[in-house]
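Peer 1: starting from these lines, generate the structure:
(2 chains)
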Amino acid sequence: AQKVTQAQTEISVVEKEDVTLDCVYETRDTTYYLFWYKQPPSGELVFLIRRNSFDEQNEISGRYSWNFQKSTSSFNFTITASQVVDSAVYFCALSVQGGDYKLSFGAGTTVTVRA
Amino acid sequence: KAGVTQTPRYLIKTRGQQVTLSCSPISGHRSVSWYQQTPGQGLQFLFEYFSETQRNKGNFPGRFSGRQFSNSRSEMNVSTLELGDSALYLCASSLYIENSYEQYFGPGTRLTVT
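Peer 2: Now for the predicted structure:
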């Protein structure tokens, strides 16, 4: 079975501060996919990034960056220079190859960015 | 390209009634998944359909069912509604690319059972 843990329940920062969200996952599968989604107050889950288990290269996309480390089963996500519009709930999710698109979600981290 | 659409957006039902929710995936996507989101249980997988066949099902009672049509549109049905079925129901359509895939979610249907 797959499990995703987001230990941080809430994070509050002042605008322009960086925010790092932690995600730890568990799976016995060797091929899997990791995702980060954002859920603003409107409720829609917005796809942010996806990473394959066989690609540990960390990248930066605009103000978003991620740190994928298989050795520690972690997939952390950073928002650089946060803005008020970044306020939302952020979910880390895991899917395994052959999992027929089933996503296992973490409990989510609520990020509040204050002006 | 149009995104995933869900109808209705809001719904209020009473206990014992049944409800049908609809989801239209992104054009070209053949997989549709359904998730239930509640404050207590978080986001939980309900089921997934691909080419009109249910391929995967989560741990939900038989009152929860679904189907997919030939145009990939999907419906989910909940019979004999209970107060605990109050939730945000999210639909996602998926596309397999580059040995991986992406899932895009719709805006959800917020169901309130009174």
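
Peer 1: please identify the residues of chain B in proximity to chain A?
Peer 2: Contact residues, chain B versus chain A (CB under 8 Å from any CB of the partner chain): B:31, B:33, B:35, B:42-43, B:45, B:48, B:50, B:55-56, B:58, B:88, B:90, B:92, B:94, B:99-108, B:110. For every residue, glycine as well, the C-beta is placed using N, CA and C.

Peer 1: of those residues, buried ones?
Peer 2: Using 16 or more other CB atoms under 10 Å in any protein chain shown as the burial test, those include B:31, B:33, B:35, B:42-43, B:45, B:48, B:50, B:56, B:88, B:90, B:92, B:94, B:100-108, B:110 as buried.

Peer 1: from the residues of chain B next to chain A, which land in strands?
Peer 2: Secondary structure from DSSP state E places B:31, B:33, B:35, B:42-43, B:45, B:48, B:50, B:55-56, B:88, B:90, B:92, B:94, B:100-105, B:110 of the residues of chain B next to chain A in strands.

Peer 1: so what does the worst-scoring helix or strand of chain A on mean pLDDT touch, helix or strand wise?
Peer 2: Across the helices and strands of chain A, mean confidence by mean pLDDT, DSSP states H and E is lowest for strand A:60-61: a mean of 76. Helices and strands touching strand A:60-61, as assessed by 3 or more CB pairs under 8 Å, 6 or more residues apart in numbering or on different chains; DSSP states H and E, are absent.

Peer 1: pairing partners for that strand, with directions?
Peer 2: Taking DSSP bridges as the criterion, strand A:60-61 forms sheet pairs with strand A:64-69 (antiparallel).

Peer 1: could you identify the helix or strand that succeeds the strand it pairs with?
Peer 2: Downstream of strand A:64-69, the next assigned helix or strand under DSSP states H and E is strand A:74-79.

Peer 1: count the neighbours of A:Ala7 for me.
Peer 2: Around A:Ala7 there are 11 other residues, counting by other CB atoms under 10 Å in any protein chain shown.

Peer 1: who's in contact with it?
Peer 2: The contact partners of A:Ala7, by CB atoms under 8 Å, 6 or more residues apart in numbering or on different chains, come to A:Asp22, A:Val24.

Peer 1: that one and chain B, how far apart?
Peer 2: 14 Å (CB to the nearest CB, to the nearest Å).

Peer 1: how is B:Met76 assigned, secondary-structure-wise?
Peer 2: The local conformation at B:Met76, judged by DSSP: H, G, I helix; E, B strand; the rest coil, is strand.

Peer 1: where's it relative to A:Gln8, distance?
Peer 2: 32 Å (CB to CB, to the nearest Å).

Peer 1: can you tell me the element B:Gln17 falls in?
Peer 2: Per DSSP H and E, there is no helix or strand for B:Gln17.

Peer 1: who are the contact partners of it?
Peer 2: B:Gln17 touches B:Leu81, counting by CB under 8 Å, 6+ apart.
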